[in-house]
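*Asks:* Here is my input, please return the structure:
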Amino acid sequence: MRRATLILAAIAVALAGVVVGVQAPPAQAHDHLVPKTVLKKGARELQTGRRVVESSWSHPAGDNECVQESAIYTVGFREADRVSVGSELRVRIFKKQRPDAFEVTAYKRVDQNGHPAGDGRPLATSLKPVVEDGRRVAWDAVFHVNRPDRDYYLITEGHWQDRQGCGGDQYAYWSFHVMTGGS
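*Replies:* As a prediction, this is how the structure comes out:
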């Protein structure tokens, strides 16, 4: 009887730990994480953003202290997705907070190490909120690729001012690669 009681007590403790472990933390308006990105054409996902160059992000650590997480990444690009000339593309930024700035820069080619070569050309970009069930869930950086038969090695850069806890500029870079068909 004593052994059965101990086993039942152990099971109760284990189940309580599982219930506590799966509860979600309270939702925050600002998640203190580098956002994920996806390149889209219409409803179709072309490729996931690859973190490149660097990122710098902060989050509160308690007692009026902050932790700054910075990383340096190698630059590289995925295989090109083919799109039509004049296509409207969108970088979906999975963050509720609107970027303070988001730029898309296109390069024609890369060097032997896979780094962008030559001068980059900033593409005209507009930011549009993504709303689901009446709530903003992400932002789209919308732009066009208008040159025929061309590789677009894209480097995107986003900046957010931290508004909860640490202050300061938070930023990250992502790469994408598309190629346009003929005119």
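
*Asks:* residue ranges with poor pLDDT in the chain?
*Replies:* 1-31, 182-183 (pLDDT under 70).

*Asks:* swap the cut-off to 90 and go again
*Replies:* For the chain, the stretches flagged by pLDDT under 90 are 1-33, 57-69, 161-169, 181-183.

*Asks:* If you drop the residues flanking it in sequence, what lies closest to the residue nearest the centre of it?
*Replies:* Nearest to the mean C-alpha position of the chain, counting by CA atoms, centre = their mean, stands K36 at 2.3 Å. The shortest distance from K36 to any non-neighbouring residue, by CB to CB, 6 or more residues apart in numbering, is to F94 (4.7 Å). C-betas here are computed from N, CA, C, even on glycine.

*Asks:* I figured that neighbour hits T37, correct?
*Replies:* Yes - using CB atoms under 8 Å, F94 is in contact with T37, at 7.0 Å.

*Asks:* More neighbours: which of the two?
*Replies:* Ranked by neighbour count (other CB atoms under 10 Å), F94 and T37 place T37 first, with 26 against 15.

*Asks:* quick one: contacts for the closest residue in space to that one that isn't next to it in sequence?
*Replies:* Nearest non-adjacent residue to T37, counting by CB to CB, 6+ apart: G49, 3.2 Å away. The contact partners of G49, by CB atoms under 8 Å, 6 or more residues apart in numbering, come to 36-39, 91, 156, 174-176.
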